[in-house]
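>>> sequence plus the predicted model coming up.
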Amino acid sequence: MIIGSGLIAKALNNINSGNMLFFASGVSNSLETRSSEFEREFTLLKNTLENNTGKLIYFSTLSINDQSKQDSHYVLHKLEIENYIKDHVADYLILRIGNIVGNGGNPNTLFNFLKTQIMNDNKFVIHQKARRLLLDIDDISRFIVSNCTHLNKETINLAYPYYYDLKEIVGAIQEKINKPARYDEINEGDFYKVTFDDSIDEFFSGISPENYLKNLAQKYI
């Protein structure tokens, strides 16, 4: 069963869920502050668990690893749900997701934002010190199919394990669009280190950072 209707939920439609319960619903805006929005997700999760059995797959966020966001409502909420799952669910897999790249979805995601700025000839600012972890939306279902059955009571950081410079991402987008980006650079930005499970290194084995990024641009522009 798939709970949700957003980008991740739609990407799971081709999976034979069997006795798996995919919870891909809830707060998607990381800047959300309204407690009612977080309570709605928590209530839906609890009700879903009461009325269904099977392995729970919950989609969390890599932002939990970001020390600069430890006090944000969104991160605190995700941690609360993760802890609830660990205390109340016998069979689960928590996937902490990186910056998703796919068709549609939130227009403010990094890839969508940069694509829109370049296509519309808008000028923007690049933080030179910033690095980002990307993830093809299709890799979520591929990873689940190949690894879900033997991962139990695990919390996995899921993203392509390479920290992309923003100029690398901009370069791939402008090459695909065949249009130069207009931006200023400032000596700012940050990123956080993530520990990746051996299953992630094996899953992405043989795929170079350059080819992974190029493929994202080819698929989603």
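Nice, thanks for sending it over. None of these values were measured; they are calculated from a predicted model.

>>> residue 211: neighbour count?
Look at residue 211: counted by other CB atoms under 10 Å, it has 10 neighbours. C-beta coordinates here come from the backbone N, C-alpha and C atoms, glycine included.

>>> please report how far it lies from residue 145.
According to CB to CB, to the nearest Å, residue 211 stands 22 Å off from residue 145.

>>> from the contact counts, what lies against the strand or helix carrying residue 49?
Using DSSP states H and E, the element containing residue 49 is helix 35-51. Judged by 3 or more CB pairs under 8 Å, 6 or more residues apart in numbering; DSSP states H and E, the packing partners of helix 35-51 are strand 20-23, helix 73-88.

>>> so of these, which one's packed in deepest?
strand 20-23 (a mean of 22; mean count of other CB atoms under 10 Å).

>>> who does it pair up with?
With DSSP bridges as the test, strand 20-23 is paired with strand 2-3 (parallel), strand 55-61 (parallel).

>>> any low-confidence regions in this protein?
Nowhere does the chain drop to pLDDT under 70.

>>> what about the helices in it?
7-11, 35-51, 73-88, 110-119, 137-147, 166-177, 198-203, 209-220 (DSSP state H).

>>> quick one: residue 154 and residue 94 touch, right?
Yes: Residue 154 is within contact range of residue 94, at 7.2 Å (criterion: CB atoms under 8 Å).

>>> out of the two, which sits in the busier spot?
residue 94 (24 against 14).

>>> please report how far that one lies from residue 23.
From residue 94 to residue 23 the distance is 10 Å (CB to CB).

>>> identify the contacts common to these two.
Jointly contacting residue 94 and residue 23 under the rule CB atoms under 8 Å, 6 or more residues apart in numbering are residue 58.

>>> what is the neighbour count of residue 98?
Neighbours of residue 98 (other CB under 10 Å): 20.

>>> my guess is it meets residue 133, correct?
Yes: judged on CB under 8 Å, residue 98 makes contact with residue 133 at a distance of 3.9 Å.

>>> what residues do the two have in common as contacts?
With CB under 8 Å, 6+ apart as the test, residue 98 and residue 133 both reach 62, 159-160.

>>> identify the bridge partners of residue 59.
residue 95.

>>> ignore the last one, residue 126
residue 185.

>>> what is the burial count for it?
By other CB under 10 Å, the burial measure for residue 126, its neighbour count, is 18.

>>> tell me the contacts of it?
Counting by CB under 8 Å, 6+ apart, residue 126 makes contact with 166-167, 170, 183-186.

>>> who wins for most neighbours among those residues?
residue 166 (21 neighbours).

>>> correct me if wrong: that one contacts residue 127.
Yes: counting by CB under 8 Å, residue 166 does reach residue 127; the two are 6.6 Å apart.
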